[in-house]
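In: Okay, predicted coordinates and the sequence, questions at the end:
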Amino acid sequence: CWLHLDYAHPASAEWLSTTPLLPDSVREALSGESSRPRVSRQGEGTMITLRSINFNANSRPDQLVTIRVYITDKLIISTRHRKVYSIDQVVNDLQSGAGPTNSGSWLVEISDALTDHTSEFIEDLHDKIIDLEDALLEQQVPERGQ
């Protein structure tokens with residue numbers, strides 16, 4: 001069972017603060033206090049905090065988005081505030097019947113999606129740096145902001 005929440009939404013915040021399914025430390029961790037990547041054992045599950053490139057409109061990519069996950073062998077609860085586009089890939093796979101079938105494969109698929117999006121961004125950034133370097137070597141300095 002996977003439950004994905006926006007921790008800032010009032011109904012989600014209420015559920016997170018009152019659910020008996022989670023240890024107190026997990027409820028706090030899922031509520032968005034820390035964005036530092038980490039992995040820690042919490043009761044019968046594992047609490048994982050991951051970050052990714054911010055692809056949201058009107059946002060800078062260096063303002064990373066965070067996904068927090070509490071995972072057991074039967075339950076996955078993930079939270080975020082800003083949209084994490086990598087999650088859409090996993091949701092689409094699940095809706096098409098090709099998604100993960102257990103907690104471990106879900107974690108692998110989320111990690112792969114986060115890594116793929118980050119790799120694509122880094123490749124694009126690398127290409128832009130090469131173009132700027134070539135332009136500089138040719139003495140064609142672009143206008144500020146380009």
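Out: Looks like it came in fine. Remember, it's a predicted structure, so these values are computed and weren't measured experimentally.
In: contacts, neighbours, all on C-alpha from now
Out: Noted.
In: Show me what the helix or strand bottoming out on mean pLDDT in the chain is packed up against.
Out: Across the helices and strands of the chain, mean pLDDT, DSSP states H and E gives its lowest value to helix 103-137, namely a mean of 86. When contacts are defined as 3 or more CA pairs under 8 Å, 6 or more residues apart in numbering; DSSP states H and E, helix 103-137 packs onto strand 45-52, helix 85-95.
In: Which of these has the highest mean neighbour count?
Out: The highest mean neighbour count among these, using mean count of other CA atoms under 10 Å, belongs to strand 45-52: a mean of 20.
In: Name the surrounding residues that touch that one.
Out: Defining contact as CA atoms under 8 Å, 6 or more residues apart in numbering, one finds that strand 45-52 is touched by 26, 29, 35-41, 64-73, 84, 114, 117-118.
In: What about those, which are in helices?
Out: 26, 29, 114, 117-118 (DSSP state H).
In: and I76, bridged to which residues?
Out: Counting by DSSP bridges, I76 forms beta bridges with W2, I71.
In: so it sits right up against R68, yeah?
Out: No: in this structure, I76 is not within contact of R68 by CA atoms under 8 Å, at 10.4 Å.
In: ok, the two, which is more surrounded?
Out: Per other CA atoms under 10 Å, whichever of I76 and R68 has more neighbours is R68, with 28 against 19.
In: show me the residues around S40 that make contact.
Out: By CA under 8 Å, 6+ apart, S40 lies in contact with 46-48.
In: Check D93 and give its pLDDT.
Out: Note for D93: predicted pLDDT of 89.
In: any idea how far it is from I110?
Out: From D93 across to I110, the span is 11 Å (CA to CA, to the nearest Å).
In: Likewise for D131?
Out: For D131 relative to I110 (CA to CA), the value is 32 Å.
In: Tell me which of the two has more neighbours.
Out: Per other CA under 10 Å, whichever of D131 and I110 has more neighbours is I110, with 20 against 12.
In: I'd assumed I87 was in contact with that one.
Out: Yes: with contact defined as CA under 8 Å, I110 counts as touching I87 (6.7 Å).
In: coming back round to it: is it possible to mark the buried ones in the contacts of strand 45-52?
Out: 26, 29, 64-72, 84, 114, 117-118 (16 or more other CA atoms under 10 Å).
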